[in-house]
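sequence? don't have it. structure:
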């Protein structure tokens, strides 16, 4: 202390006592600031890191479970099921396709399509039909079929057990004296756009594995008859022909 | 040198007491400082060990996860198909659940009566109520139909809620009894 040349007393307190208190105060400040600025933030970080480790471990286990599932599942069966289920919905948002399906079904039951009408607003791309939680769209068609009365139930069964899936919204039958019936049906098929890009990280194992109920449903759908779906170009597309006719009201 | 300085041994009794007390206090303070410093160092060491070891473990786990995720992403075709199947089953399941199945309804109605009574005609209205005509040749057949209607209305036949007979007539041309009924399904 001799080098510093301090007064005997500072604010009435012996300088030697103040000097004595300086060391613990400095040490206390060092400890305090290091705790506040370094140690406490690091201590707070530790449980977060531990939680993150746990989370990453869980995610790794989940990903490994998904890999294991995909490695064990029969790939050929998955492909077959996917094709079958794809056939359950219309491949395009076009009610004309539905008429084609109905025509084929009707022919199998000895019926013919007498006439049909489409709701054009439902058929325009960009104008959405009735939507739901799964974002599929319902495409309704009013169709009149004519055929043998005794095959009427078979016709309905055939329509309801075919793919793409058809819903009969209304049904009206008129029997004719020649043992034929005129069946007026309002039927709908369904269209759904692609699911979009897959987020691999958020995909759960339950998003890949069907439940027991879904497996039962899949086996039921597998029993449905798959109908060929293609656009009838005779109805949907016509070639424009320009005729060079003279205007009868033309006055030179 | 000041009077009472630790190097000056010519001290007054009061100064000597003060000096002794000061040295005792200094010793206690030193002890506490050493304990505090050691505790602080221990806390620092433990904290840093936990912090950095968790960091190393976290990086290792992230690496494992990335490797697993890359393998999973490599199975994109299988993933897409599996997810598509799952989603489409849900969609088709919803559609099938929502639709009224006329064919099943027809099967239920046609299965009510056996060969003793023949279902000659049936029709369905917008409220999904059936109007059916059942024909039978004799009294036994009529009794059988009445018994069946009674069974249905007692809830003994699955899937059919109610049958009401609206008229019974004898058709001389076919020599049959035609019974017209309304059927409501469950």
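Sure, I can see it. This structure is a prediction, so every number in the text was calculated from the model and none was measured.

Show me where the stretch 101-250 of chain A dips below the pLDDT cut-off.
Along the stretch 101-250 of chain A, segments meeting pLDDT under 70 span A:119-133, A:195-196, A:230-246, A:250.

For it, which segments count as strands?
A:112-118, A:137-148, A:162-163, A:167-175, A:180-191, A:225-226 (DSSP state E, counting those that start in this stretch).

Those strands: which one's closest to chain B?
strand A:167-175 (4.0 Å; CB to the nearest CB). Glycine gets a C-beta too; all of them are placed from N, C-alpha and C.

Show me which residues of the closest one are buried.
A:167, A:168, A:171, A:173 (16 or more other CB atoms under 10 Å in any protein chain shown).

quick revisit: in TSV: the strands of the stretch 101-250 of chain A, plus distance to chain B.
As requested, the strands of the stretch 101-250 of chain A are arranged in TSV below (distance: least, CB to the nearest CB, whole Å):
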stretch	distance to chain B
strand A:112-118	18
strand A:137-148	9
strand A:162-163	9
strand A:167-175	4
strand A:180-191	6
strand A:225-226	13
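
Give the burial count for residue B:24, as a bare number.
10 (other CB atoms under 10 Å in any protein chain shown).

my read: residue B:112 touches residue B:162, true?
No. Under the criterion of CB atoms under 8 Å, residue B:112 makes no contact with residue B:162, lying 11.8 Å away.

Looking only at neighbour counts, state which of the two leads.
residue B:112 (22 against 14).

Tell me, please, the helix or strand in chain B that averages the lowest pLDDT.
The helix or strand with the lowest mean pLDDT-type score in chain B, counting by mean pLDDT, DSSP states H and E, is strand B:118-124 (a mean of 77).

Quick check: which helices or strands does that one pack against?
strand A:167-175, helix B:102-110, strand B:129-136 (3 or more CB pairs under 8 Å, 6 or more residues apart in numbering or on different chains; DSSP states H and E).

any common contacting residues for residue B:112 and residue B:162?
B:152, B:183 (CB atoms under 8 Å, 6 or more residues apart in numbering or on different chains).

picking up where we left off before, among the strands of the stretch 101-250 of chain A, which comes closest to residue A:48?
Minimum separation from residue A:48 across the strands of the stretch 101-250 of chain A (CB to CB) falls at strand A:137-148, 45.9 Å.

gap between that closest one and the chain center?
28 Å (CA atoms, centre = their mean, to the nearest Å).

Now do the buried residues in that strand.
A:137, A:138, A:139, A:140, A:141, A:143, A:144, A:145, A:146, A:147.

close enough to count as contact, the last one and residue A:153?
No. Between residue A:147 and residue A:153 there is no contact under CB under 8 Å: 11.8 Å.

Tell me where chain B is predicted with low confidence.
Scanning chain B for pLDDT under 70 picks out B:1-11.

Do a quick rundown of the helices in it.
Under the criterion DSSP state H, chain B contains helices at B:13-74, B:76-98, B:102-110, B:139-153.

Now do the domain split for chain A, please.
Chain A breaks down by automatic domain parsing into domains covering A:10-40, A:86-193+A:203-226.

Please convert the strands of the stretch 101-250 of chain A to JSON lines, extending it with distance to residue A:84.
As requested, the strands of the stretch 101-250 of chain A are exported to JSON lines (distance: least, CB to CB, whole Å):
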{"stretch": "strand A:112-118", "distance to residue A:84": "26"}
{"stretch": "strand A:137-148", "distance to residue A:84": "20"}
{"stretch": "strand A:162-163", "distance to residue A:84": "7"}
{"stretch": "strand A:167-175", "distance to residue A:84": "19"}
{"stretch": "strand A:180-191", "distance to residue A:84": "15"}
{"stretch": "strand A:225-226", "distance to residue A:84": "7"}
